[in-house]
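> could you look at this predicted model? Sequence included:
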Amino acid sequence: MAEALSFDVLVIGSGASGLAAAVSAERAGARVALATKGSIQSCNSAKAQGGIQAALGEDDSPEQHAEDVWRSSHETADRRLVEVLTSEAPSAIAWLEELGVEFTRENGGYRLARCGGATQKRLLQVGDRTGHAITAALRDAAEGGSVTLFPRSPLVELERNENGWHTRCGEHRIDASTVILAAGGRCYAEAERRGELSTNHPGATGEVTRIALDAGAEARDLDALQYHPNGGAWPETMQGYSIPETTRAYGAVLLNADGEEFTDSLGPRDVVSQAIFDEVAKGKGVETEDGRPAVYLDTTRIDPHDAELSLPYMLRRYRAGGIDPLEEKLLTYPVLHYQNGGLVIDEHGETTLEGLYACGEIAGGTHGRNRMMGNSLLECVVFGRRAGRAAAARH
Ligand SMILES: Cc1cc2nc3c(=O)[nH]c(=O)nc-3n(C[C@H](O)[C@H](O)[C@H](O)COP(=O)(O)OP(=O)(O)OC[C@H]3O[C@@H](n4cnc5c(N)ncnc54)[C@H](O)[C@@H]3O)c2cc1C
């Protein structure tokens, strides 16, 4: 086998967190490599639609944002991480804008939506393809700099050596002083195991968490998996699609078979998902044409102007499937979506193993056992940047 390649910082994964970490480490002066399992474009981050939270509204504050996270997590989040997340949110948004992300604006300011569990309108959007816009900008920055990219090179081995870490990524043996794990969650694999639908891309299989645990890293809340309340249930082409939560932010409500509202449609995710499960168990749900359980999401209540501006992709997808969400209610049911827990990290993204960092969905603590929507992309950027800078400083 060829001699090992050597870098200061090796990043694993090319989602928003990995790209943010790689760009930040490189800008801090490190020689950076990024290895990922599939193509550089392949990740969950690019699929994110709804948006990214930051307390930028007039009546809002990072403290209020932190309080909402804490409450939505049922007081299980790591408060140090929450404080970092919410206090650095405005600068994370400014950084993304410098990289070329153009958030939707109106009346001279950002168009902000209120998402489930939030007390204020705080969700910035790029139409309903926010993740696509953010990853495209980060990818441009990584490709435009000196980061060495290794697509189709999954991490399969990680062990400590005298200078840091030795890894095998596909056919490459790569040594690095510090390694940043940014390989996302495991909901695709978990849904397959349970015979359920998932919103996740096929690379979300969780083996990097297992490799880190085998190397001795600690994890928390790994059993806490999140259902997205609004998976598409019908037509078949929309099964596993996550109907953006912004539909509810812009006025859509959940209805049972009798047309009754049975829950606060803007409650925290776990509460709304459980309310749907319960309603169906009580016999008050409806059935899709292929016999799946569902309830209604009444999207006809959304103002067409809001829908055209903030939900164009969702409208296009449903209309292509023969359903106009502004004319008829959608059928929806919760779908496996997000790994709340993950590797234990400190404020700089360092795991319990020296020189091994983690950021994004693979890390735990920031959301406790229940994440609010819009805080995952934010976590990727805030902690990706922190991990990148800290890993670069350590080499
Ligand atoms: C459909 C959908 C909609 C969403 N909407 C929102 C939203 O509106 N707002 C929000 O905040 N969050 C949203 N989320 C959640 C959010 O997008 C993700 O949690 C977040 O982007 C995860 O980013 P990440 O960088 O940690 O992981 P990912 O983006 O999943 O990237 C992980 C990377 O690691 C790679 N990888 C995996 N295994 C290996 C391996 N063995 N070796 C090397 N590389 C590996 C993968 O190929 C991938 O490139 C959504 C998620 C989905 C699926």
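Right, received. Where do you want to start? Numbering: from 1, shown residues only.

> near the ligand, which residues of the stretch 101-250 of the chain?
Within the stretch 101-250 of the chain, the residues that sit near the ligand (C-beta under 6 Å from any ligand atom) are 130-131, 154-155, 182-184, 199-200, 203-204, 207-208, 242. Where C-beta positions appear, they are placed from N, C-alpha and C, glycine not excepted.

> other SSEs contacting the longest helix along the chain?
Longest helix in the chain by number of residues, with DSSP state H as the criterion: helix 375-394. Using 3 or more C-beta pairs under 8 Å, 6 or more residues apart in numbering; DSSP states H and E, the elements in contact with helix 375-394 are strand 5-12, helix 16-27, strand 52-53, helix 79-87, helix 89-98, helix 130-144, strand 172-181, strand 356-358.

> same list (the ones you listed) but as CSV, adding mean pLDDT and mean neighbour count.
Formatted as CSV, the helices and strands packed on helix 375-394 follow (pLDDT from 0 to 100; neighbours: other C-beta atoms under 10 Å):
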stretch, mean pLDDT, mean neighbour count
strand 5-12, 98, 25
helix 16-27, 98, 31
strand 52-53, 97, 30
helix 79-87, 98, 20
helix 89-98, 98, 17
helix 130-144, 97, 21
strand 172-181, 98, 24
strand 356-358, 98, 29
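
> right, and the ones you listed - which one's nearest Asp290?
helix 130-144 (28.7 Å; C-beta to C-beta).

> in helices, which of the residues of the stretch 101-250 of the chain next to the ligand appear?
Using DSSP H, the subset of those located in helices is Thr130, Gly131, Glu207, Val208.

> in contact with the third one, which residues?
Translated: Glu207. By C-beta atoms under 8 Å, 6 or more residues apart in numbering, Glu207 lies in contact with Pro154, Leu155, Ala183.

> before we move on, what about Thr76?
So Thr76 contacts Asp221, Gly368, Arg369, Asn370 (C-beta under 8 Å, 6+ apart).

> could you redo the last one with a cut-off of 6 Å?
Gly368, Arg369 (C-beta atoms under 6 Å, 6 or more residues apart in numbering).

> please renumber the chain so that the first residue is 41 from this point on.
All set: I'll call the first residue 41, so the last point we hit is now Thr116.

> phi, psi of Thr372?
With angles defined as degrees, to the nearest 10, Thr372 shows backbone torsions of phi -140, psi 150.

> wait, isn't it in contact with Leu337?
Yes - applying C-beta atoms under 6 Å as the test, Thr372 and Leu337 come out as touching, 4.5 Å apart.

> between these two, which contacts overlap?
Joint contacts of Thr372 and Leu337 (C-beta under 6 Å, 6+ apart) are Asn270.

> give me the contact list for stretch 89-104.
Under the contact criterion C-beta under 6 Å, 6+ apart, stretch 89-104 has outside partners 105, 126-127, 129-130, 133, 150, 152, 160-165, 168, 170, 284-286, 413-415, 417-418.

> correction: stretch 334-353
With C-beta under 6 Å, 6+ apart as the test, stretch 334-353 has contacts from 165, 167-169, 270, 273, 286-287, 290-296, 316, 319, 325-326, 328, 355, 365-366, 369-373.

> hmm, it touching the ligand?
No - judged by C-beta under 6 Å from any ligand atom, stretch 334-353 stays clear of the ligand, getting no closer than 11.1 Å.

> what mean pLDDT does that stretch get?
Summarised as a single mean, pLDDT over stretch 334-353 is 95.

> list the buried ones in it?
Within stretch 334-353, the residues that qualify as buried are Ala334, Val335, Tyr336, Leu337, Asp338, Thr339, Ile342, Asp346, Ala347, Leu349, Ser350, Leu351, counting by 16 or more other C-beta atoms under 10 Å.
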